[in-house]
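Undergrad: Here's a sequence, model it:
(one chain, ligands or ions: 1)
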Amino acid sequence: MTCLTLEDLSVSLGRTQVLSGLDLTVGAGELVGLIGPNGAGKSTLIRAMMGLIPARGRCLLGGDPVASLRPGERARRISYVAQEREIGWPVTVERIVALGRDVYRKAGRALSAHDRAMIESAIAHMDIAALRHRPATDLSGGERARVLIARALAQDTPLMLADEPTAGLDPAHQISLMSMLASLAADGRGVVASLHDLGLAARWCTRLVLLDRGRIVADGAPEAVLTPEVLARVYGVKAHLSHHDGGLIVQPLSLIRPASPDSHAAVAGARG
Ligand SMILES: Nc1ncnc2c1ncn2[C@@H]1O[C@H](COP(=O)(O)OP(=O)(O)OP(=O)(O)O)[C@@H](O)[C@H]1O
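TA: As a prediction, the model looks like this:
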């Protein structure tokens with residue numbers, strides 16, 4: 001089943017064309033890692049998938065144009081973890097996570113037993129039980145990130161879009177988060193996460209989509225996308241690639257040279 005379809009999607013911000021002619025489908029059961037250098041367009045793409053910025057072409061959510069959905073309907077179908085982790089109000093962590101259930105409740109109605117169960121499950125998955133009564137404004141960056149991911153989890157949507165969800169997390173919480181995203185996908189949801197850590201992307205994602213200067217230059221299994229040639233041309237790095245427990249290990253080692261201007265054409269053959 002397809003969760004999300006992009007057809008010839010392009011986005012301009014100001015006078016700059018940031019995304020150009022993207023075609024992509026995300027299926028139920030996929031954990032798609034969106035990778036690419038700084039400025040490649042990952043956040044812009046996630047925001048366009050959410051219908052938060054105007055785009056040309058089509059972005060369909062289960063067949064419906066995302067821009068046509070009312071905010072409440074969209075929030076029942078996609079959860080979104082933004083790159084920004086600012087929390088403006090000094091409300092408790094528990095209340096922030098509970099906001100994820102607001103999309104299912106009429107204003108003023110009490111939380112149902114199911115709402116409470118989803119909130120508790122999200123709190124447990126993100127290991128924030130000890131923080132639940134703390135004002136969210138007093139938390140560290142990584143703690144705040146885990147609270148905002150828990151809110152998205154509590155939303156319990158068929159598709160989750162997460163913009164750099166592992167940024168600022170310690171290694172244990174990074175692994176625990178990626179494992180949880182993989183279980184969401186294994187349960188039949190679609191998950192798209194932008195990632196800079198190529199090791200995590202290779203280890204956990206079922207598929208990688210590599211963006212470079214607003215275009216998809218590779219799309220496929222981690223082994224097909226993260227080749228030495230692609231890493232050199234798109235990121236300008238030499239990396240050590242190996243296998244452990246049947247999974248790909250990627251460790252960037254050194255700079256080669258900046259990605260060349262003709263990198264789009266050169267790596268086009270890696271498209272899946
Ligand atoms: N409002 C804007 N007007 C013009 N250009 C913009 C605007 N917002 C973003 N951009 C440009 O769009 C490009 C893509 O930005 P985006 O944040 O999507 O990249 P990214 O891949 O998420 O980068 P990073 O890995 O650094 O977070 C960048 O070159 C950025 O400078």
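Undergrad: Who's the closest spatial neighbour of Asp8, skipping the chain neighbours?
TA: Among residues not flanking Asp8 along the chain, Gly57 sits closest, at 4.0 Å (CB to CB, 6 or more residues apart in numbering). For every residue, glycine as well, the C-beta is placed using N, CA and C.
Undergrad: Contact partners for that neighbour?
TA: Taking CB atoms under 8 Å, 6 or more residues apart in numbering, we find Gly57 in contact with Leu6, Glu7, Asp8, Leu9, Ser10, Gly21, Leu22.
Undergrad: switch to 7 Å and redo it
TA: Leu6, Glu7, Asp8, Leu9, Ser10 (CB atoms under 7 Å, 6 or more residues apart in numbering).
Undergrad: Val91 now?
TA: If you count contacts by CB under 7 Å, 6+ apart, Val91 has them with Pro135, Ala136.
Undergrad: Torsion angles phi and psi at it?
TA: Val91 adopts backbone torsions of phi -90, psi 160, taken as degrees, to the nearest 10.
Undergrad: got it, and Thr16?
TA: Main-chain torsions, Thr16, degrees, to the nearest 10: phi -100, psi 130.
Undergrad: Look up how far Ile128 lies from it.
TA: Distance from Thr16 to Ile128, counting by CB to CB, to the nearest Å: 38 Å.
Undergrad: got it, and Arg101?
TA: Separation of Arg101 from Ile128 (CB to CB): 16 Å.
Undergrad: And for Gly247?
TA: Noted for Gly247: a distance of 28 Å to Ile128, by CB to CB.
Undergrad: Correct me if wrong: Tyr235 contacts Pro37.
TA: Yes: here Tyr235 reaches Pro37: they are 5.9 Å apart, a contact under CB atoms under 7 Å.
Undergrad: ok, His133 - contacts?
TA: Contact partners of His133, counting by CB under 7 Å, 6+ apart, are Thr92, Glu94.
Undergrad: Show me what from the chain comes close to the ligand.
TA: Residues of the chain found near the ligand (CB under 6 Å from any ligand atom) are Leu13, Gly14, Thr16, Val18, Gly36, Asn38, Gly39, Ala40, Gly41, Lys42, Ser43, Thr44.
Undergrad: and the last one, how many neighbours does it have?
TA: Burial of Thr44 is recorded as 21 neighbouring residues (other CB atoms under 10 Å).
Undergrad: what's in contact with whatever helix or strand it lives in?
TA: Per DSSP states H and E, Thr44 falls inside helix 42-49. With CB under 7 Å, 6+ apart as the test, helix 42-49 has contacts from 4, 9, 11, 13, 18-19, 22, 34, 36, 53, 55, 59, 66, 83, 161, 163, 192, 194, 211.
Undergrad: Toward the C-terminus, what is the element adjacent to that helix?
TA: Using DSSP H and E, the helix or strand that follows helix 42-49 in sequence is strand 56-61.
Undergrad: From Pro165, how far out is Leu31?
TA: In terms of CB to CB, Leu31 sits 12 Å off from Pro165.
Undergrad: Over to Arg76. Which of the three states is it?
TA: The local conformation at Arg76, judged by DSSP: H, G, I helix; E, B strand; the rest coil, is helix.
Undergrad: okay but it is in contact with Arg101, surely?
TA: No: between Arg76 and Arg101 there is no contact under CB under 7 Å: 10.8 Å.
Undergrad: Of the two, which one has the most company?
TA: When neighbours are counted by other CB under 10 Å, Arg101 comes out ahead of the other of Arg76 and Arg101, with 20 against 16.
Undergrad: Apart from its neighbours in sequence, what residue is nearest that one?
TA: Asp115 (4.3 Å).
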